[in-house]
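Okay, here's the prediction I keep looking at, along with the sequence it came from:
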Amino acid sequence: MSTPFRFSAPLALLLAFPACDSAETSCVPGVASPGCPVPVGVRATTVGHTTTAGKRATYVGPESPFEIRSTADDSVVFEGAAGPEVTAQDTDEKVRIIDFTDLQAPGEYYVEVPGVGKSSPFVIDDGVFVEPFYGAMLGMYGLRCGSAVTFSWQGTFYNHGECHMGDVAPGGWHDAGDYGKYTTNGSFSLAMMLFAWEHFQGKLEPLELPIPEQGGALPDYLDECKYQIDWLLAMQDQDSGGVYDRLTPYCATCGADNQPFDPLNMMPEASTNDRRLAPISTPATADFAAVLARSARVFEPFDPEYAATLTDAAMRAWQYLVENPQAKPPTNINYTGYYLTGDPDDRFWAAAEIFETTGDEGALAEFETRAPMMSFPPNWDWADVQNLGLLTYLSSTREGRNEDRVAELTTAMFNQADTMKANADRHGYGRSLDRTYYWGINGVIARTAMTLELAARMSGDDEYRRTSAYQLDHLFGRNYYARSFVTGMGANPPANPHHRPSIGDGIPAPWPGLLIGGPSDRSTPLTATTWKDESGDYESNEVAINWNAALVYILAAHLP
């Protein structure tokens, strides 16, 4: 029998906790105001920790003892001394790190440092990430295109009507704060969802989601994935096997710098832009081949006939790539979006997935030939998908892999995982990527959990999972702002995301469960301080499926 998500006090209150004042000052953490020019108080997760996770917080101030207090009666349940001063170069601060890993008793707590302030409250409980996971899945469901969407969160009702019903390829997820749909990023995002299924199926299969397909033959989680898969199937040209790059608003007189986006306050059902398929591209075709091959493996136990359809579509796309070895790049002339990329990494990922699904020796040979030219970067996104291929290859149980190649790539993977672990230990706010920032960096931080999880699985060392949990801490409030970066969750979450339904629906609270991109202005060395919670700031406050899917993955990793 399926077990539905259930809200539990006080955690349900915590998920949308308002901005909190410390006892010493009326300043709100993360909000500049007269007399409060910089964030104040103790910066810690504003959601919580599992019982055995590493538990850390950060503050600016003198060396001091600290106390962990129960919110029930303010009693001290744990105390200790802060660590030495650490230079946070990306915020120009001298910070100190508090470690209270040994506190494992379930409950609701806050950190207090005398003379500095308090943290927002947080929960310690092994189920602390169940409801945030539920919220992140609502975030994905809320991005559906081609159907009406209806759900409630924390007592607020959200909905939009049927939208973009004239799309040649209906369905799928809206890509980001806009209403475009892109094969490359759509495939990449779906892949992270499917990796989560592969790694955590036992946790995900029983969960019920408030989606129209709830309780059907498929697990609800896979129903949400299937909504995207069916759209991707419609993006394939049936004659050639190639795949159209995107389906977005089209403007014959517009160029790359003058794109036909819908107005910021327009709900999806009100959009009347002319939407067209962009030409076939090899990056889109390769990403399609990769994720459809992966999808076939996932769905085969539940629906073999559907899985066979997915395998056939993946192989026709793969054959297109074989017959078209020269890149056919995407274009954003006359179409919205900036997903412009070459195709070597996309072909590399496709080769790994085709081999893993079918055992195709040609695909294996192509992967292993390309492997020496591919790095295993710690930070990666839609434009460099080679890590998906590397993760698939290293996890493979198929015979035929080159042992030397496996050893080389395994070493490269552990080198990156170890680097991320060291970064998280020395960075003032626990970031696995240290001082790396660019557009969508919060999604990249969440995505580091995928490499860390593989390292944990291959080594048996749970310290990699602890590093992964520190990234959740960072996203939920252990950061310069002492704020959550996820709408509707934690303390003082984003109020004005660059997300058209959040702007256009007339509801004060934005749509929940959406991870904003995060500070990204690299014109200053203090990039960490540049986030603006403004709907017009798409560079730091937009939402996107490739960031949210990464959030789904990292939350799934820490479900009970």
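Everything's here; your move.

Let me see the domain layout of the protein.
3-124, 179-401 (automatic domain parsing).

Would you mind measuring from P377 to D257?
29 Å (C-beta to C-beta, to the nearest Å). For every residue, glycine as well, the C-beta is placed using N, CA and C.

The two: who's more crowded?
Legend: neighbour count by other C-beta atoms under 10 Å for P377 and D257, higher for P377 (16 against 6).

OK, contacts around that one?
By C-beta atoms under 8 Å, 6 or more residues apart in numbering, P377 lies in contact with D384, N387, Q416.

which of those has the most neighbours?
N387 (25 neighbours).

That one is in what secondary structure piece?
Assigned by DSSP states H and E, N387 belongs to helix 386-395.

tell me what the helix or strand following that helix is packed against?
The element immediately downstream of helix 386-395 (helix or strand, assigned by DSSP H and E) is helix 403-426. Applying 3 or more C-beta pairs under 8 Å, 6 or more residues apart in numbering; DSSP states H and E, one finds that helix 403-426 makes contact with helix 386-395, helix 441-459, helix 463-475.

May I see those organised as CSV, with mean pLDDT added?
Putting the helices and strands packed on helix 403-426 into CSV (pLDDT from 0 to 100) gives the following:
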stretch, mean pLDDT
helix 386-395, 98
helix 441-459, 98
helix 463-475, 98
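
deepest of these, which one?
helix 463-475 (a mean of 25; mean count of other C-beta atoms under 10 Å).

Now do that one and helix 441-459, the angle between them.
160 degrees (axes from the mean of the first three to the mean of the last three C-alpha atoms, to 10 degrees).

downstream neighbour of helix 463-475 in the secondary structure list?
Following helix 463-475 toward the C-terminus (DSSP H and E): helix 500-504.

Looking at that next one now, give me its mean pLDDT.
The average pLDDT within helix 500-504 is 97.

List the residues that contact the closest residue to Y306 other than its chain neighbours.
Leaving aside its sequence neighbours, Y306 sits nearest to F299 (C-beta to C-beta, 6 or more residues apart in numbering; 5.4 Å). Counting by C-beta under 8 Å, 6+ apart, F299 makes contact with L222, K226, Y306, A307, L310.

Are we agreed that the third one is in a helix?
What that stands for is Y306. Yes: secondary structure of Y306 (DSSP: H, G, I helix; E, B strand; the rest coil): part of a helix.

if we can go back for a sec, can you tell which of the domains of the chain is closest to G172?
Each of those was scored for nearness to G172 using C-beta to C-beta, and the closest is domain 179-401 (2.9 Å).

what distance separates the closest one from the middle of the whole chain?
16 Å (C-alpha atoms, centre = their mean, to the nearest Å).

Span of that domain from start to end?
End-to-end span of domain 179-401 (C-alpha to C-alpha, to the nearest Å): 41 Å.

next one: stretch 296-304
8 Å.

Give the buried residues for it.
A296, R297, V298, F299, E300 (16 or more other C-beta atoms under 10 Å).

Run a quick neighbour tally on Q89.
Q89: 14 neighbours (other C-beta under 10 Å).

tell me the contacts of it?
Counting by C-beta under 8 Å, 6+ apart, Q89 has contacts R435, P525.

Retrieve the pLDDT associated with it.
So Q89 comes in at 93 (pLDDT).

Could you report the separation of it from P378?
In terms of C-beta to C-beta, Q89 sits 18 Å off from P378.

For the nearest residue to V406 once chain neighbours are set aside, give me its contacts.
Spatial nearest neighbour of V406, chain neighbours left out: L394 (7.0 Å); criterion: C-beta to C-beta, 6+ apart. Shown in contact with L394 (C-beta under 8 Å, 6+ apart): V406, L409, T410, M413, L454, M458.

do T392 as well
R294, W349, A352, E353, E356 are the contacts of T392 under C-beta under 8 Å, 6+ apart.

same question, L232
Contact analysis of L232 by C-beta under 8 Å, 6+ apart lists G172, T183, G186, S187, L190, V243, F288, V291, L292.

hmm, try it at 10 Å
With contacts defined as C-beta atoms under 10 Å, 6 or more residues apart in numbering, the neighbours of L232 are 169, 171-172, 181, 183, 186-187, 190, 243, 284, 287-288, 291-292, 295, 310, 313, 317.

Next, the buried residues of the host helix or strand of it.
Assigning secondary structure by DSSP H and E places L232 in helix 220-234. Neighbour-count burial for helix 220-234 flags 220-229, 231-233 (criterion: 16+ other C-beta under 10 Å).
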